[in-house]
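**Student:** predicted model and sequence below, questions to follow.
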Amino acid sequence: MTEPVRTRFAPSPTGDLHVGNVRSALYNWAYARHNGGAFVLRIEDTDAARSTEESTRGVVEQMSWLGLDWDEGPGIGGPYAPYVQTGRLELYRDVVALLRDAGYAYDSYSTDDEVKARRAVRGDKTQGYDNYDRELTDAQVGAFRAEGRTPVVRFRMPDEPIVFEDMVRGEVRFEPGNVPDYVLARADGSPLYPLTNPVDDAVMGITHVLRGEDLLPSTPRQIPLHAALRSLGVASGPMPRFGHLPMVLGEGRRRISKRNTPEASLLQVRAEGFLAEGILNYLALLGWSPGGDQELFTLDEMVAAFRVEKINRNPATFDVKKLTAINGVKIRSLEPGEFVKRLLPFLVRRGLLTSPVSDAQLELVAAAAPLVQERSATLVEAADLLGFLLVPDHHFAIDPAAGAKVLTPATAPVLDASLAVLTDVASWTAEDVQEVLQSALVDGLGLKPRVAYGPVRVALTGRTVSPPLFESIELLGRDRTLDRLRAARAGLGAAPGMG
RNA sequence: GGCCCCGUCGUCUAGAGGCCCAGGACGCCGCCCUCUCAAGGCGGUAGCGCCGGUUCGAAUCCGGUCGGGGCUACCA
């Protein structure tokens, strides 16, 4: 009962992680942390065709970025190293030999077509392997070999029901005959997932496995395999407990794909400026809840509250809108300095800052950051809002739609009046700027505030939406402010765009 | 087709027989605040798939039905 908990996240390094993977990682990580256990990261790269060393590094990088730290695995090693399956090939080969010698597994020569043909003859519509090669005679084997066939190795499924207590679903039962003998190793001897995954779980002493529901049907294959491994002395610990997480669905309740749910890619949401805190908090909610009405929490709070019994059984749809809302909360709760730190790469990426950021630039960003932090749901949004302030002057341009809508010839008096008072304003502070503009435009010209400030905003920021105007003017500085007002004034009547 | 899983607002969920003619959040719609946009405040919209049964009483238990999803590879 008090065995130390050991969980793992075992992705295959194909492409990048998607939200379903990340949630599995998060739950396993949280379960281990909640119980003071160990979290293992293992790379399942036995499919050489789809795995690259680069994507393995990618998995490691993304896990680090998320802040889901592992106690054993790539980069830090551990008592069961290596934690990359291509480094464990001899183990799998030995295990296959052991299984075969003990009669738990056997050579199988049937081709797909032969299986289908047999089923057709029987009028059997069932799909999948038919266990034909279980009791081949020496003569048959000899004949196959004479043909040059090389066999795959299949596990012999026991002839009894397989029943297990799923941590999230309760008792799940598979009757004998519904799970065909499956392939452990290819004809060329290379091991397959149905072998490597349970073997490593057994050898590494994994106690709890939380994984997607898509793997539920593979569980009845793992259980007898684990028992066989134990009888052979390969595994010593108890059978892992399994918990199958509800699927994470994409747009329209369909399986997630790059096409229907591009935001399901971790790389993608990162590029869009979502924070690890936001992604993790949102994903935690997809299939789990602490109970009650709480939805926002830190990682530590989640760990403290995480209990498997609270995991849901029904599939969940990934919703970017809610992710965005939660991310906004996380952005606002960042320390100002931290916010700037996370924002910087996004500003550099869009050419608003030069790569080694100068002190002056840093100071400007730091001064402007609070203005955008409270009105951005993503870092990309924040970077957008800061564009007018950081863009090199010769690249500043007014959005054509905004110009056409707001900078009409009728607004010439507004720009003229603004130029006049801003040229003379004594101290260049948001307060004084507001005071002179208000008296000139609102009091002087008798305009409603929104009508008065609209043209000024577009002239200075190029857009109808911007950080607060007076603070923006202060940060822009007198010279740039006056230049942009003059340019906008000069452009009235003609095409409003510039340089 | 076979096997397995699932079914509360559009979405994520709370709910473990009376506290629920169902609560929260996101979204959406109004209003307030307001130099734009956000944030914030207030209000609104919308749901227990269906049919039986058990029970004094069911979103909660049972059966069926319909619907959705997963697996059915010498991928993982």
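**Tutor:** Yep, that arrived.
**Student:** so which strand or helix has residue A:383?
**Tutor:** helix A:379-390 (DSSP states H and E).
**Student:** ok, is that helix in contact with RNA strand B or not?
**Tutor:** No - Helix A:379-390 stays clear of RNA strand B (C-beta under 7 Å from any atom of the strand), getting no nearer than 7.5 Å. (Each C-beta comes from the backbone N, C-alpha and C, glycine too.)
**Student:** can I get the CA coordinates of that helix in PDB?
**Tutor:** What follows is helix A:379-390, C-alpha atoms only, in PDB (Å, rounded to 0.1, in the frame of the first residue of the first chain):
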ATOM      1  CA  LEU A 379       2.400  37.500 -25.700                       C
ATOM      2  CA  VAL A 380       1.800  38.000 -29.400                       C
ATOM      3  CA  GLU A 381      -1.000  40.300 -28.600                       C
ATOM      4  CA  ALA A 382       1.200  42.300 -26.300                       C
ATOM      5  CA  ALA A 383       3.900  42.500 -28.900                       C
ATOM      6  CA  ASP A 384       1.300  43.800 -31.400                       C
ATOM      7  CA  LEU A 385       0.200  46.500 -29.000                       C
ATOM      8  CA  LEU A 386       3.800  47.700 -28.600                       C
ATOM      9  CA  GLY A 387       4.600  47.800 -32.300                       C
ATOM     10  CA  PHE A 388       4.000  51.600 -32.800                       C
ATOM     11  CA  LEU A 389       6.400  52.400 -30.000                       C
ATOM     12  CA  LEU A 390       9.300  50.200 -31.000                       C
END
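**Student:** what are the buried residues along whatever helix or strand comes next after that helix?
**Tutor:** Following helix A:379-390 in sequence order, the next helix or strand is helix A:400-406 (DSSP H and E). For helix A:400-406, burial by neighbour count (16 or more other C-beta atoms under 10 Å) applies to A:402, A:403, A:406.
**Student:** ok, helix A:400-406 near RNA strand B or not?
**Tutor:** No - applying C-beta under 7 Å from any atom of the strand, one finds helix A:400-406 out of contact with RNA strand B, separated by at least 9.6 Å.
**Student:** circling back: got the buried residues of helix A:400-406 as TSV, with distance to residue A:189 columns?
**Tutor:** Formatted as TSV, the buried residues of helix A:400-406 follow (distance: C-beta to C-beta, whole Å):
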residue	distance to residue A:189
A:402	66
A:403	69
A:406	72
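**Student:** adding pLDDT, write these out as JSON lines.
**Tutor:** Shown next, in JSON lines, are those (pLDDT from 0 to 100):
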{"residue": "A:402", "pLDDT": "94"}
{"residue": "A:403", "pLDDT": "92"}
{"residue": "A:406", "pLDDT": "92"}
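**Student:** quick check, nearest of the residues you listed to residue A:291?
**Tutor:** Proximity of the buried residues of helix A:400-406 to residue A:291 (C-beta to C-beta) peaks at residue A:402, which lies at 47.4 Å.
**Student:** that closest one touches residue A:463, doesn't it?
**Tutor:** Yes - the pair residue A:402 and residue A:463 passes the contact test of C-beta atoms under 8 Å, sitting 5.3 Å apart.
**Student:** show me which residues of the stretch 101-250 of chain A are close to RNA strand B?
**Tutor:** Going by C-beta under 7 Å from any atom of the strand, the residues of the stretch 101-250 of chain A near RNA strand B are A:111-112, A:125-129, A:152, A:169-170, A:172-175, A:178, A:183, A:186-188, A:192-194, A:197, A:213-218, A:244, A:246-247, A:249.
**Student:** contact partners for the residue nearest the centre of chain A?
**Tutor:** Nearest to the geometric centre of chain A sits residue A:266, at 3.0 Å (C-alpha atoms, centre = their mean). Applying C-beta atoms under 8 Å, 6 or more residues apart in numbering to residue A:266 gives the contacts A:16, A:17, A:18, A:19, A:21, A:22, A:62, A:66, A:279.
**Student:** check residue A:47 too.
**Tutor:** Residues near residue A:47 by C-beta under 8 Å, 6+ apart: A:12, A:14, A:193.
**Student:** burial check on residue A:375, number of neighbours?
**Tutor:** Residue A:375 has 16 neighbouring residues, counting by other C-beta atoms under 10 Å.
**Student:** go on, residue A:311?
**Tutor:** 20.
**Student:** which regions of chain A lie under the pLDDT threshold?
**Tutor:** Scanning chain A for pLDDT under 70 picks out A:1-2, A:48-51, A:493-499.
**Student:** okay, strands next: where are they in it?
**Tutor:** Here chain A has its strands, by DSSP state E, at A:6-9, A:38-41, A:105-108, A:152-155, A:162-166, A:170-174, A:183-185, A:208-212, A:241-245, A:248-250, A:254-255, A:316-317.
**Student:** turn the contacts of residue A:47 into TSV, including neighbour count and distance to residue A:47.
**Tutor:** Compiled in TSV, these are given as follows (neighbours: other C-beta atoms under 10 Å; distance: C-beta to C-beta, whole Å):
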residue	neighbour count	distance to residue A:47
A:12	19	6
A:14	16	7
A:193	17	8
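**Student:** against RNA strand B, how distant is the nearest residue to residue A:207 once chain neighbours are set aside?
**Tutor:** If the residues on either side of it in the chain are set aside, residue A:207 comes closest to residue A:6, at 4.9 Å by C-beta to C-beta, 6 or more residues apart in numbering. Noted for residue A:6: a distance of 19 Å to RNA strand B, by C-beta to the nearest atom of the strand, to the nearest Å.
**Student:** quick one: residues contacting residue A:6.
**Tutor:** By C-beta under 8 Å, 6+ apart, residue A:6 lies in contact with A:32, A:37, A:38, A:39, A:40, A:204, A:205, A:206, A:207, A:208.
**Student:** which PyMOL command selects the buried ones in the residues you listed?
**Tutor:** In PyMOL, a selection of the buried entries from these looks like this (16+ other C-beta under 10 Å):
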select buried, chain A and resi 32+37+38+39+40+204+205+206+207+208
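**Student:** can I get stretch A:190-204 in CSV, CA atoms only?
**Tutor:** Written as CSV, here are the backbone C-alpha positions of stretch A:190-204 (Å, rounded to 0.1, in the frame of the first residue of the first chain):
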residue,chain,number,x,y,z
SER,A,190,13.3,-5.5,-34.2
PRO,A,191,11.0,-5.0,-31.2
LEU,A,192,7.5,-3.4,-31.3
TYR,A,193,5.7,-1.1,-28.9
PRO,A,194,3.5,-3.8,-27.5
LEU,A,195,6.7,-5.4,-26.2
THR,A,196,8.9,-2.5,-25.4
ASN,A,197,6.4,-0.4,-23.5
PRO,A,198,5.4,-3.1,-21.0
VAL,A,199,8.9,-4.4,-20.7
ASP,A,200,10.3,-1.0,-19.8
ASP,A,201,7.4,-0.3,-17.4
ALA,A,202,8.1,-3.6,-15.7
VAL,A,203,11.9,-3.3,-15.6
MET,A,204,11.7,0.3,-14.5
